[in-house]
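Asks: Turn this into a structure:
(chains A and B)
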Protein chains: 2
Amino acid sequence: MILQSRSAFAIPVFAAVFSLMSAGRCVGADWSEQDLAAAAALRDKAMSGTRAFEHVSSLVTEVGPRPAGSPGDAAAVRWAMNRLGSLGFSHVHTQDVLVPHWVRGSAEVSIVTPFPQTLVATSIGGSVGTPDEGIEAQVLNATSLDALSALPPASVKGRIVFIDERMQRARDGSGYGATVRNRSQGPSVAADLGAVALVIRSVGTSDDRIAHTGGLNYRADAPRIPAFAISNPDADLLARQLQPGKPVRMRLKSTARELPPAWSANVIGEIPGHDRPQEIVLLAAHLDSWDLAQGAIDDGAGVAIVTEAARLISKLDRPPARTVRVVLFANEEFGTSGGREYARLAGDEIARHVLALEADFGAGPVWRIESRVAAESLPAIAAMQSVLAPVDVASGANTGDPGSDIRPLMNAGVPILDLTLDGTKYFDVHHTVNDTLLKVDSKALDQSVAAFAVAAYLAATKQGDFGRVAVEVK
Amino acid sequence: MILQSRSAFAIPVFAAVFSLMSAGRCVGADWSEQDLAAAAALRDKAMSGTRAFEHVSSLVTEVGPRPAGSPGDAAAVRWAMNRLGSLGFSHVHTQDVLVPHWVRGSAEVSIVTPFPQTLVATSIGGSVGTPDEGIEAQVLNATSLDALSALPPASVKGRIVFIDERMQRARDGSGYGATVRNRSQGPSVAADLGAVALVIRSVGTSDDRIAHTGGLNYRADAPRIPAFAISNPDADLLARQLQPGKPVRMRLKSTARELPPAWSANVIGEIPGHDRPQEIVLLAAHLDSWDLAQGAIDDGAGVAIVTEAARLISKLDRPPARTVRVVLFANEEFGTSGGREYARLAGDEIARHVLALEADFGAGPVWRIESRVAAESLPAIAAMQSVLAPVDVASGANTGDPGSDIRPLMNAGVPILDLTLDGTKYFDVHHTVNDTLLKVDSKALDQSVAAFAVAAYLAATKQGDFGRVAVEVK
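Replies: Numbering: from 1, shown residues only, chains lettered A, B, ... in the order given. Take a look at the predicted model:
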């Protein structure tokens, strides 16, 4: 627990408390009337228009793709330093982070027989390349990773495995978790069974002819085979050629390769607290993107949301007691190097992190507030939700999911807030070339800024903290 | 005019006539009650489900891309011969057509300064390639072809011209005509002014990162400069970099080239008329597609619609008086070689073409019936519409647009029917890699089959003809 000094502004009469009491609950004196009024004003200010779209536009126009270790990655760090600096953040600085440096090269995937066609494909992030002459083999199709795992090795040996499982659309993105294993674990599962390569149906919801990348995890004890994703329409085409049951042969070629690790950086800026500046409310997003994308929704939007939320807080007449720290993390996409390094460097300072929030699920709007806080802080979360209810933010469970970058903090006991962004269309463009500024709705982005600004402001002005959470380390 | 023999089935009492008379109009004895009932039954049969989706699926699965002169083009001719033959068409045969053979090669388009980024681009069909080392120059942007034309040559000389005009969405596709000049005429207009290359915003309505191809027309008296299209999001990105007014430089590289002309073929099959078989109702579509596409909506859907419409007519107990001829044209996309060759070979037989209809605007549904017929035949068109009204086909003007392939016939006096397919989403995928089977709605396709089958059947059973039309040759 963090020792609290009582704020000069604390007056034990609270509109939110009254509304909660009338619902049969009773909370302590978390916020003064002024704090709650300031939060509501912050919400309304954001809803009337913010600079968030300008931030994401600047990032994708002046930097664009910024995969870990690339020139774009370095340009993004410079961009972020300049942006936070010019917006008046304090203590703008970087933390060096060593990141993997994989390059995609080219990928060629085609059906050779029975009906030759070239497919729209990409290498899966982290995949080894093929030999120069490529790989040609008969295709074995499986409907899921489990179905593949159940096959006898003799039927898989020497084959190109095709996992043909379509991701389902959902507001909370739950279809992703159900199919992303094909990409992350599939290569080693297939290799264990003797496959020479893996091709998966893209883990995405788009009907467009756009292949979806993302990272794989080779198991240390399995051979490393090349892995590709093909677009949904191309997977349909392959499935139709496979359907009659006659042999289908494919050719695969990839020049993907791993280069030596490179230096990148977390970029940090603060809105200092006026009363308890050593206590931190952390607003997180990640600066890197996949190479295929402009990185507008993943995670330019998150960068813009948290940057703008903090900037709006900095413009208030009444600054919050605690420090609001924005961290734009290096390399979320390829192993969360930035998030892990931040937690490592934070060390004992982790105890001074009162709450952490990440925006890494697109451009909004926020439709739900979930949390991982001590049970006694749930009424405070409910009070936050009541401030956000007018902008259509519903309440959720205390089993919220942090962003990848702040998971190490949560695992070390830091409470988190999960302002759930609407993911209905997120996986149409996520990790693809279609992740562009055209997919960002500036109104939804402003609403997301409102939600993050209100939550961060209230967390930074709350009398008590949110306790600590006990979470099983993943 | 074509001499008419009176059909054995003609009975001068017609439901459609009654309905038209009750609307204050009066038509001659175009169809018997049985003919009109058969047409309505044909409509209902098609609406209950057809094999059209199966035809287009087969074409895109077993052939795929089939640009003029390519191996896919030859495969498409074999596919069409087999398909029409196996469906029981008569007189299945080909007409040899010499076609241009252009190959796209690779295209690389990037912004060099101020903010280096690689753009999603493609060469425009027919473009020359660049020198091996590519072309690098400063960009000059123009908002339209007219704006470009008005510029002084000194401001254009040595520049890469960027025409930044966005196509507007419309049900009738009218936005296409307004912007396609940028692609077709733009290269020679820019070259005349001294430009070293042309880059246009894709002539399409999609927000996806998909470049749109299509053909260009080099003027004989203008230098031939390389021409590229970039996707809408990429055009936005370029526009944002240009916006501050500082110099923007681009690099372009293309290996596009023209090969010697190749042989392709129109594929023809017939449902013979029982009474006046020498008179022809022509159902047209084109067999070729762009190389980028699977060619599902352009024009696999058209191939499927006219093939299935004719097949359904062939299954009727009461065959039509006239012959229904399906022609699947070669090379519509790259200069309409097939349509022109068909008209040339037809010669005097053109006079025996009673009506021609083309399906070349996607997978439907049909929402309007327009025509180019002699004025005295307009009541017959109205009667056709009344049979199709229950499936939401509205009436239109007598200024209908033929498909490209049957324009030479119309210009020679052949009446045409324009069953207008809904083009609202057509230009999201037209001429792009996104033209896949997933964009074909089988219900809409069945409705289109209903419309084409009814129109062709009624045209093939009508007592009189549709006159001849006087049309200015384009």
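Asks: Let's verify the residue in the stretch 251-400 of chain A that chain B sits nearest to: helix, strand, or coil?
Replies: Nearest residue of the stretch 251-400 of chain A to chain B: A:Gln294, at 7.2 Å (C-beta to the nearest C-beta). Yep, even glycine has a C-beta here, placed from its N, CA and C like the rest. Recorded secondary structure, A:Gln294: coil (DSSP: H, G, I helix; E, B strand; the rest coil).
Asks: A:Ser206 versus that one, what's the distance?
Replies: Noted for A:Gln294: a distance of 16 Å to A:Ser206, by C-beta to C-beta, to the nearest Å.
Asks: same question, A:Arg325
Replies: 36 Å.
Asks: can you check A:Val161 too?
Replies: Distance of A:Val161 to A:Ser206, given as C-beta to C-beta: 23 Å.
Asks: again, but for A:Ala229
Replies: According to C-beta to C-beta, A:Ala229 stands 12 Å off from A:Ser206.
Asks: Please give me every residue in contact with A:Leu357.
Replies: A:281-284, A:306, A:406, A:416-419, A:452, A:455-456, A:459 (C-beta atoms under 8 Å, 6 or more residues apart in numbering or on different chains).
Asks: Next: A:Lys315.
Replies: Applying C-beta under 8 Å, 6+ apart, no residues contact A:Lys315.
Asks: Tell me the backbone dihedrals of it, please.
Replies: phi -90, psi 0 (degrees, to the nearest 10).
Asks: on that earlier part again, out of the contacts of A:Leu357, who's nearest A:Ala380?
Replies: Of all these, A:Ala459 has the smallest distance to A:Ala380: 8.7 Å, by C-beta to C-beta.
Asks: So that closest one is in contact with A:Val281, correct?
Replies: Yes. Under the contact definition of C-beta atoms under 8 Å, A:Ala459 touches A:Val281, with a separation of 4.5 Å.
Asks: intersection of neighbour lists for those two?
Replies: Common neighbours of A:Ala459 and A:Val281, counting by C-beta under 8 Å, 6+ apart, are A:Arg322, A:Val354, A:Leu355, A:Leu357.
Asks: is the first one in a bridge, and if so with what?
Replies: In this case it means A:Arg322. Following DSSP bridges, A:Arg322 is listed with bridge partners A:Arg276.
Asks: So it sits against A:Thr461, correct?
Replies: Yes. A:Arg322 is within contact range of A:Thr461, at 7.4 Å (criterion: C-beta under 8 Å).
Asks: Pull the number of nearby residues for the residue nearest to A:Thr113 when sequence neighbours are not counted.
Replies: Leaving aside its chain neighbours, A:Thr113 sits nearest to A:Arg249 (4.8 Å; criterion: C-beta to C-beta, 6 or more residues apart in numbering or on different chains). For A:Arg249, the neighbour count with other C-beta atoms under 10 Å in any protein chain shown is 15.
Asks: just how off-centre is the helix or strand containing A:Ala229 within its chain?
Replies: A:Ala229 is part of strand A:227-230, with elements assigned from DSSP states H and E. Using C-alpha atoms, centre = their mean, to the nearest Å, the distance from the centre of strand A:227-230 to the centre of the chain it belongs to is 22 Å.
Asks: For it, which strands pair with it and how are they oriented?
Replies: Here strand A:227-230 has these sheet partners by DSSP bridges: strand A:121-123 (antiparallel), strand A:197-201 (parallel).
Asks: can you list the ones you listed in JSON lines and add mean neighbour count and mean pLDDT?
Replies: Below are those laid out as JSON lines (neighbours: other C-beta atoms under 10 Å in any protein chain shown; pLDDT from 0 to 100):
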{"stretch": "strand A:121-123", "mean neighbour count": "26", "mean pLDDT": "98"}
{"stretch": "strand A:197-201", "mean neighbour count": "27", "mean pLDDT": "98"}
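Asks: Is it possible to get TSV of those that adds distance to B:Pro71?
Replies: Formatted as TSV, those follow (distance: least, C-beta to C-beta, whole Å):
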stretch	distance to B:Pro71
strand A:121-123	20
strand A:197-201	23
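Asks: Which of those sits closest to B:Pro244?
Replies: Here strand A:121-123 is closest among the strands paired with strand A:227-230 (C-beta to C-beta), at 33.1 Å.
Asks: tell me which residues in stretch A:304-315 are buried?
Replies: Within stretch A:304-315, the residues that count as buried by 16 or more other C-beta atoms under 10 Å in any protein chain shown are A:Ala304, A:Ile305, A:Val306, A:Thr307, A:Glu308, A:Ala309, A:Ala310, A:Arg311, A:Leu312, A:Ile313, A:Ser314.
Asks: In this structure the fifth one contacts A:Val449, no?
Replies: Yes. Counting by C-beta under 8 Å, A:Val449 is a contact partner of A:Glu308 at 4.7 Å.
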